[in-house]
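K.L.:
sequence and predicted structure are below.
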Amino acid sequence: MKDCKKFDVVIIGGSYAGLSAAMTLGRSLRHVLVIDSGKPCNRYAPRAHNFVTHDGEAPDSIALQAKKQVLRYSSVQFFEGTAVTAQKVKAGFEIGLASGETFAAAQVILATGIRDIFPALDGFTECWGKTIIHCPYCHGYEFKDETTTIMANGDQAFHLSRLINNLTKRLTIITDGKATFNRLQKEKLDRNNVAVIEKPVKRIAHQDGQLKAVVFQDGSRKQCAAMYAALPFEQHSAIASSLGCEFSASGHIKTGIFQKTTVAGVFACGDNCAMMRSVAHAVASGNFAGAMANNELSEEQF
């Protein structure tokens, strides 16, 4: 094991939330290490939207520009690698990487993101982030007035249908099995002419990621230009769990209004602790996490 270098804050995750936290701390002259594995959740999407000044830009282009700006602050360092362990020690925390390096910090910011769990459907992965999407705020405008499907059931499908109905009236819910809507939900879906198909899905028909149709087990097809998929997810990293952080019923890291987790000295920001999955939210929560971490360091040292 190599020498353990000490920082004020180690940020695990170097996408939008982690970069935002690093900039905030760098501007306060904190010695910061950003550890990043290079696998952001939105790497499948060709464009990012609903982020003022960068609307429609490629996600990696936004991240690269942000990293260049963060590196202007000499107290911030980057390390390419995967953090696999973290433990509380007397002086703070020790972070272990898959490559064997170990780093120490007074505080930790988890900007580790989440990992979507794709269904075992041929063609799904090829379309994900392009024409199979998760968020009407991030991608819905680009498919306004198009024939659109929602692959979800129950409350998730109903929630999405209300949002998307304002973007297109050509909307169908595909439940991939028996629908689980309650009576009031069924009445509202009928009133708004939202069709429901309960057939099991076999595959996704597409051309180079451009969705053409949903193909069902019985051989029938539903043609569409876009699909919203409410996917299950898991935490991209087990670090929060190993540190003893509590999680919400939805599977997100529990944080308070100051981005604090339930473990003292550990903060979280971005997709790993909030249902709102957008570049704008990640940047905002990272900015706040960095500020609150700096505030705690200042209180301890002053």
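P.N.:
That came in fine, so what should we check first?

K.L.:
which elements pack onto the helix or strand containing Ala157?
P.N.:
Assigned by DSSP states H and E, Ala157 belongs to helix 154-164. Here helix 154-164 touches helix 136-139, strand 148-151, strand 171-174, helix 183-191, going by 3 or more C-beta pairs under 8 Å, 6 or more residues apart in numbering; DSSP states H and E. Where C-beta positions appear, they are placed from N, C-alpha and C, glycine not excepted.

K.L.:
the second one packs against which elements?
P.N.:
Counting contacts by 3+ C-beta pairs under 8 Å, 6+ apart, strand 148-151 is packed against helix 154-164, strand 171-174, strand 226-229.

K.L.:
export that strand as CSV, just CAs?
P.N.:
Extracted in CSV, the C-alpha atoms of strand 148-151 (Å, rounded to 0.1, in the frame of the first residue of the first chain):
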residue,chain,number,x,y,z
THR,A,148,-44.8,8.4,-27.4
THR,A,149,-45.0,5.4,-25.0
ILE,A,150,-44.3,5.1,-21.3
MET,A,151,-43.0,1.7,-20.1
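
K.L.:
ok, that strand: who's next to it in the sheet?
P.N.:
Partner strands and pairing direction for strand 148-151 (DSSP bridges) are strand 171-174 (parallel), strand 226-229 (parallel).

K.L.:
switch those strands over to TSV; also include mean pLDDT, distance to Asn295 and mean neighbour count.
P.N.:
As requested, the strands paired with strand 148-151 are exported to TSV (pLDDT from 0 to 100; distance: least, C-beta to C-beta, whole Å; neighbours: other C-beta atoms under 10 Å):
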stretch	mean pLDDT	distance to Asn295	mean neighbour count
strand 171-174	98	46	22
strand 226-229	97	39	24
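
K.L.:
three-state assignment of Phe181?
P.N.:
State at Phe181, reduced to three classes by DSSP: H, G, I helix; E, B strand; the rest coil: coil.

K.L.:
er, Arg115 actually
P.N.:
strand.

K.L.:
what's the burial count for it?
P.N.:
The number of residues packed near Arg115 is 15, by other C-beta atoms under 10 Å.

K.L.:
what of Phe233?
P.N.:
When neighbours are defined as other C-beta under 10 Å, Phe233 has 18 of them.

K.L.:
what of Ala291?
P.N.:
Other residues lying near Ala291 total 16 when counted by other C-beta under 10 Å.

K.L.:
so which strand or helix has Ile11?
P.N.:
strand 5-12.

K.L.:
what does Ser241 give?
P.N.:
Per DSSP H and E: helix 239-243 holds Ser241.

K.L.:
centre of the chain to that helix, how far?
P.N.:
Relative to its parent chain, helix 239-243 has a centroid offset of 18 Å by C-alpha atoms, centre = their mean, to the nearest Å.

K.L.:
who touches that helix?
P.N.:
The contact list for helix 239-243 (C-beta atoms under 8 Å, 6 or more residues apart in numbering) reads 12, 83-88, 93, 108, 110, 112, 235, 247, 253, 261, 263, 266, 268, 272.

K.L.:
now the buried members of those residues.
P.N.:
The neighbour-count test (16 or more other C-beta atoms under 10 Å) marks 12, 83, 86, 93, 108, 110, 112, 235, 247, 253, 261, 263, 266, 268, 272 as buried among the contacts of helix 239-243.

K.L.:
buried sites along the lengthiest helix in the chain?
P.N.:
Secondary structure of the chain per DSSP state H: the longest helix is helix 279-301. Within helix 279-301, the residues that count as buried by 16+ other C-beta under 10 Å are 279-294, 296-297.

K.L.:
can you tell me how far the residue lying closest to Gly13 once chain neighbours are set aside is from His236?
P.N.:
The shortest distance from Gly13 to any residue other than its chain neighbours is 3.3 Å, reached at Ala111 (C-beta to C-beta, 6 or more residues apart in numbering). Here the criterion is C-beta to C-beta, to the nearest Å. By it, Ala111 lies 10 Å from His236.

K.L.:
who's more crowded, those two?
P.N.:
More neighbours surround Ala111 than the other of Ala111 and His236, with 33 against 23 (other C-beta under 10 Å).

K.L.:
just confirm the more buried one contacts Val9, I think it does.
P.N.:
No - Ala111 lies out of contact with Val9 (C-beta atoms under 8 Å); the separation is 11.1 Å.

K.L.:
need the residues touching each of those two.
P.N.:
Common neighbours of Ala111 and Val9 (C-beta under 8 Å, 6+ apart) are Ala21.
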